[in-house]
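Chemist: I would like to see how this sequence folds:
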Amino acid sequence: MLKKLVLSALIGAGALAASASTASAYVVCNRDGDCWHTDTRYRYPGVGFTYHPDDWYFHRTWRDNDRDHWRSDYHRERGYWRGGVWVTF
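Modeler: Have a look, this model is predicted:
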């Protein structure tokens, strides 16, 4: 009986581990220097992005004279920043 219980627990733990996925987040910057958080890497023809790991944001010193500037506005719809304006697709 104990063997069945241990085996069932191992199978359950294995199924849980197999179904769990790691959360990934990125900081993405466009050619204009607009940077924002995203959880998905999108590719669109004619639009270039640079993706950084999520902790890249915390290792930066955001100054007013930097080329890159942080965009913290939340947008529910998918899109990207272009010239300081959120563009949806």
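Chemist: CA only for contacts and neighbour counts going forward, please
Modeler: Will do.
Chemist: Paired strands for the helix or strand where His37 lies, with orientation please.
Modeler: Here His37 sits within strand 34-38, counting by DSSP states H and E. Strand pairing for strand 34-38, using DSSP bridges, gives strand 26-30 (antiparallel), strand 69-70 (parallel).
Chemist: right, and the helix or strand after that strand?
Modeler: Moving toward the C-terminus from strand 34-38, the next helix or strand (DSSP H and E) is strand 49-53.
Chemist: shaky segments in this structure?
Modeler: 2, 4-23, 62-66 (pLDDT under 70).
Chemist: on that earlier part again, right, so of the strands paired with strand 34-38, which gets closest to Gly48?
Modeler: strand 26-30 (6.1 Å; Cα to Cα).
Chemist: on that earlier part again, which of the strands paired with strand 34-38 sits most buried?
Modeler: Ranked by mean neighbour count, the strands paired with strand 34-38 are led by strand 26-30 with a mean of 21 (mean count of other Cα atoms under 10 Å).
Chemist: gap between it and the chain center?
Modeler: 8 Å (Cα atoms, centre = their mean, to the nearest Å).
Chemist: relative to strand 49-53, how tilted is the strand holding His37?
Modeler: 50 degrees (axes from the mean of the first three to the mean of the last three Cα atoms, to 10 degrees).
Chemist: need the strands paired with strand 34-38 in TSV with distance to Phe58, can you?
Modeler: Formatted as TSV, those follow (distance: least, Cα to Cα, whole Å):
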stretch	distance to Phe58
strand 26-30	10
strand 69-70	12
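Chemist: tell me the contacts of Asp54?
Modeler: By Cα atoms under 8 Å, 6 or more residues apart in numbering, the residues touching Asp54 are Ala25, Tyr26, Val27, His37.
Chemist: 7 Å - rerun?
Modeler: By Cα atoms under 7 Å, 6 or more residues apart in numbering, the contact list for Asp54 reads Ala25, Tyr26, Val27.
Chemist: these two touch, right, the second one and His52?
Modeler: Looking back up the chat, that one is Tyr26. Yes. Using Cα atoms under 7 Å, Tyr26 is in contact with His52, at 5.7 Å.
Chemist: Secondary structure of Phe58: a helix, I assume?
Modeler: Yes. Counting by DSSP: H, G, I helix; E, B strand; the rest coil, Phe58 is found in a helix.
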